[in-house]
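J.: no sequence for this one, just the structure:
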């Protein structure tokens, strides 16, 4: 802004000034030497150009001031106002010393330099308080009262320093006007934008992406609000060759009046930190997302679901066939042509909607293909379409699949990552990125590091699942081989059973059940549960089942049998505790007699059985719950109940009632409710119980045994009590012959008569009263003789001249099987023979 030329033109561009440059304000009194010594105090700096002399000063842009001989300001240009912040009304008429920093420089030396036509450096005190170094020049005004026109610019050294700082700053810096047009940008910003400053200056910022639109909104927000803004952005350069993450500070630029005249920004490249956070976030998520189930296929699905879309556009997992078949995979690298099975695949859908290999398909990969190279080297292989090996590999696979023509011509970045855990090669994970114009970023060393970590974790989880599956399959096969394969041929009960292995990660447990035929048409029902899971639990279960069969063959009462079984578990625990830990188990042993219709039970820490009576009511049998097997030193008690014909007796393991989210009492109520459902077929009833009581994914093994009781009619049993008199042997034979005639079994009368004669004779001679003879007709003919002696007889080989010792040998030869069992008053010797036509 130029002052009105009332006295003369103040512009020094026309040479020496012959008229005053501005209207004088004040000027009375004689000159003050002190003021005249400090005329540079009024010098103001130019904001745009740096004039090199009075003849080149532009009054429209330079800071010009007129000072009279008394040191009073009489003229003030618009450039002076912009530089100092003072309007003309506040400066004119005031001493020039009011604008000078009193502590700066040599005033007298500066004035002499100015008067001599040179330049001087002074310090200007701005209206807002800050100081500015200025270079000033003076030009005398001719043809009027003594005065000087003084022009000023900021100190060249400071200006150059500031310009160098801006230009050479390591972070991108830019200046926009209020219309979001580029005004300035430093070298770092030019490198990021990949365009020179001259190409963008005075051009508006035009958004191409959503990130650009957000950037523009923040620029406008600074202008609208006049407040600084912090913005974090992830974007790419114009050519898309590199992705950036930025922390951007934007602030308003104001003039001396406080009006916003532009926006400046400085951007901090935080790409490395951002990528590190992203990698750490993925790894943290992988720690929770991978290996949630001990299933190889599920682990592979978790891996591909984790990396797409944050790491790759397409991901697939191919495993060796041996891993899926349960065999031990090879150790170390796998050379030659790789035969892999696709178990998981995931993609963004577009532009690659379908995989090269369908799920479940097995395909061979040539040695030059990325997956084969990764398996052979044990290292991650980076590849890209456009190379002969990769194109040939993709082409060979796509030829057999016409729908995969979309892969042809794609610019892809590929990564093959071997899945190796504990030195065992499981397969390979394939990742791919489509190098689209909006995101043409190929896999780099950072991606390799992240993929290695992800693959390592996934491989360990998959190997854990593989080993678990193999152990579980082995344990399950072992357990099923130890469980009874057929429960038919029982007279006392009708049987149905179920064994449900757990679906949890704990492994197969040690649950078992058994149905053991006993003498006298009786039957033993057994249910047990070994504490723990895995192969060791299955092996322990097999040993206990064998022990129960052995003890049951001795025909011990239930409480005595559990006592012996508890001793056995204690011995096993002592022998194996160093290697396998403590051994404990629960067991319920029940013996049902269809003749007396009584059931005797004993429990070793096992859940009580449930019985449904013929009229339909269901109740829990109150059994004295003894200690678990292996505790030792505590007794077991037997409970005897009467069971009418047609009762349903349900024996089970705790997984049936404790595998629910409810408590045990609620589980028992659910079991009782399931048993109340009418069912003629016991197999259907077993299925109903499992559906009602078990959750979708049982966490423990379940063994269920349901028995429907039968009863022998009185006309199929004959009983005689007799004294210990040798003469009663003939009577016993006579009773036997007559009873067999009533049953129509005359064909076996001779053999049975001999057996009864030998057994009764031994009872009278060695046992003593009371003596009882009982014949039972069922699918076989059973002869039982009871006496008061608890001593069990045994076979012996009689010598040629011995008069006795051949009785039991004769019984053993004439019958199918024989044995002895203890009873309340002594013992019972029994013999069983098959019937003709049965």
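T.: Here it is on my side, so go on. For clarity, every value in this text was computed on a predicted model and none was experimentally measured.
J.: and the helix ranked longest in the chain, which residues are buried?
T.: In the chain, assigned by DSSP state H, the helix with the most residues is helix 445-482. Using 16 or more other CB atoms under 10 Å as the test for burial, helix 445-482 gives 447-448, 450-451, 454-455, 457-466, 468-469, 471-472, 475-476, 478-479, 482. The way it works is simple: take the backbone N, C-alpha and C, and place the C-beta from them, glycine included.
J.: And for stretch 765-778?
T.: Buried residues in stretch 765-778, counted by 16+ other CB under 10 Å: 767, 769, 771-778.
J.: any idea of the angle the helix or strand that the longest helix of the chain is followed by forms with helix 445-482?
T.: From helix 445-482 onward toward the C-terminus, using DSSP states H and E, the following helix or strand is strand 493-500. On the basis of axes from the mean of the first three to the mean of the last three CA atoms, to 10 degrees, strand 493-500 is oriented at 170 degrees to helix 445-482.
J.: What's the mean pLDDT across the helix or strand hosting residue 750?
T.: Using DSSP H and E, residue 750 sits within helix 749-762. Averaging pLDDT along helix 749-762 gives 92.
J.: What is that helix packed up against?
T.: Here helix 749-762 touches helix 728-743, strand 771-777, strand 780-787, helix 807-814, strand 827-834, going by 3 or more CB pairs under 8 Å, 6 or more residues apart in numbering; DSSP states H and E.
J.: Mean pLDDT lowest where, among those?
T.: Among those, helix 807-814 has the lowest mean pLDDT, at a mean of 84.
J.: Next secondary structure after it?
T.: As assigned by DSSP H and E, the chain's next helix or strand after helix 807-814 is strand 817-822.
J.: What helices and strands are in contact with that following strand?
T.: Secondary-structure packing of strand 817-822 (3+ CB pairs under 8 Å, 6+ apart): helix 807-814, strand 827-834.
J.: Give me the below-cutoff pLDDT ranges for the stretch 451-600 of the chain.
T.: Residue ranges of the stretch 451-600 of the chain with pLDDT under 70: 479, 482, 485-490, 503-508, 575-581.
J.: let's see 80
T.: Applying pLDDT under 80 to the stretch 451-600 of the chain flags the ranges 468-491, 501-509, 533-535, 538, 573-582.
J.: Show me what counts as buried in stretch 194-203.
T.: Neighbour-count burial for stretch 194-203 [16+ other CB under 10 Å]: 195, 197, 200.
J.: quick one: the first one from residue 252, how far?
T.: Read it as residue 195. For residue 195, the distance to residue 252 equals 25 Å [CB to CB, to the nearest Å].
J.: and this structure, what are its domains?
T.: Domain assignment for the chain, taken from automatic domain parsing, gives 12-160, 169-269, 274-470, 490-709, 715-834.
J.: Would you single out the least confident of those domains?
T.: Among the domains of the chain, domain 12-160 scores lowest, at a mean of 62.
J.: Enumerate the positions of stretch 560-569 that are buried.
T.: By neighbour count, with 16+ other CB under 10 Å as the criterion, the buried positions of stretch 560-569 are 561-563, 565-566, 568-569.
J.: mind putting the residues you listed in TSV, distance to residue 396 included?
T.: Output for the buried residues of stretch 560-569, formatted as TSV (distance: CB to CB, whole Å):
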residue	distance to residue 396
561	69
562	68
563	72
565	65
566	67
568	64
569	62
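J.: mind listing which of the buried residues of stretch 194-203 are in helices?
T.: 197, 200.
J.: Specify which member of the buried residues of stretch 194-203 is nearest to residue 821.
T.: Nearest to residue 821 out of the buried residues of stretch 194-203 is residue 195 (CB to CB; 102.7 Å).
J.: how far away is the residue nearest to the spatial centre of the chain from residue 418?
T.: Among the residues of the chain, the one closest to the centroid is residue 289, at 2.0 Å (CA atoms, centre = their mean). In this view, residue 289 and residue 418 are 21 Å apart by CB to CB.
J.: coming back round to it: which one of the helices and strands packed on strand 817-822 lies nearest to residue 494?
T.: strand 827-834 (21.0 Å).
J.: Residues contacting the closest one, please?
T.: By CB atoms under 8 Å, 6 or more residues apart in numbering, the surrounding residues in contact with strand 827-834 are 519-520, 748, 751-752, 755, 759, 762-763, 767, 780-787, 789-793, 811, 814-822.
J.: so which helix or strand takes in residue 170?
T.: Under DSSP H and E, no helix or strand contains residue 170.
J.: Now for the closest residue to residue 172 other than its chain neighbours, how many residues are close by?
T.: Sequence neighbours aside, residue 189 is the residue nearest to residue 172 in space, at 3.7 Å (criterion: CB to CB, 6 or more residues apart in numbering). As a burial measure, residue 189 scores 22 neighbours (other CB atoms under 10 Å).
J.: How about residue 744?
T.: When counting by other CB under 10 Å, one arrives at 8 neighbours for residue 744.
J.: now residue 723
T.: Residue 723: 10 surrounding residues under other CB under 10 Å.
J.: wait, isn't residue 591 in contact with residue 521?
T.: No: using CB atoms under 8 Å, residue 591 is not in contact with residue 521, being 11.5 Å away.
J.: Strands of the stretch 551-700 of the chain, start to end?
T.: Under the criterion DSSP state E, counting those that start in this stretch, the stretch 551-700 of the chain carries strands at the ranges 585-593, 598-604, 610-612, 618-620, 625-626, 638-642, 648-652.
J.: and the fifth one, what does it pack onto?
T.: In this structure, strand 625-626 packs against strand 598-604, with contacts taken as 3+ CB pairs under 8 Å, 6+ apart.
J.: Residue 515 and residue 593, how far apart?
T.: Counting by CB to CB, the gap from residue 515 to residue 593 is 15 Å.
J.: Over to residue 534?
T.: Relative to residue 593, and taking CB to CB, residue 534 is found at 38 Å.
J.: before we move on, what about residue 220?
T.: Separation of residue 220 from residue 593 (CB to CB) stands at 96 Å.
J.: Name the residue in those two with the higher neighbour count.
T.: Comparing residue 220 with residue 593 by other CB under 10 Å, the one with more neighbours is residue 593, at 19 against 15.
J.: Just to check, that one is in contact with residue 492?
T.: Yes: counting by CB under 8 Å, residue 492 is a contact partner of residue 593 at 7.4 Å.
J.: Give the buried residues for stretch 514-521.
T.: For stretch 514-521, using 16+ other CB under 10 Å, the buried residues are 514-516, 518-521.
J.: contacting residues around that stretch?
T.: Outside of stretch 514-521, the residues within contact range by CB under 8 Å, 6+ apart are 484, 487, 489-493, 495, 523-527, 545, 548-549, 552, 555, 591, 593-595, 705, 707, 712, 774, 776, 778, 782, 784, 819, 821, 828, 830, 832.
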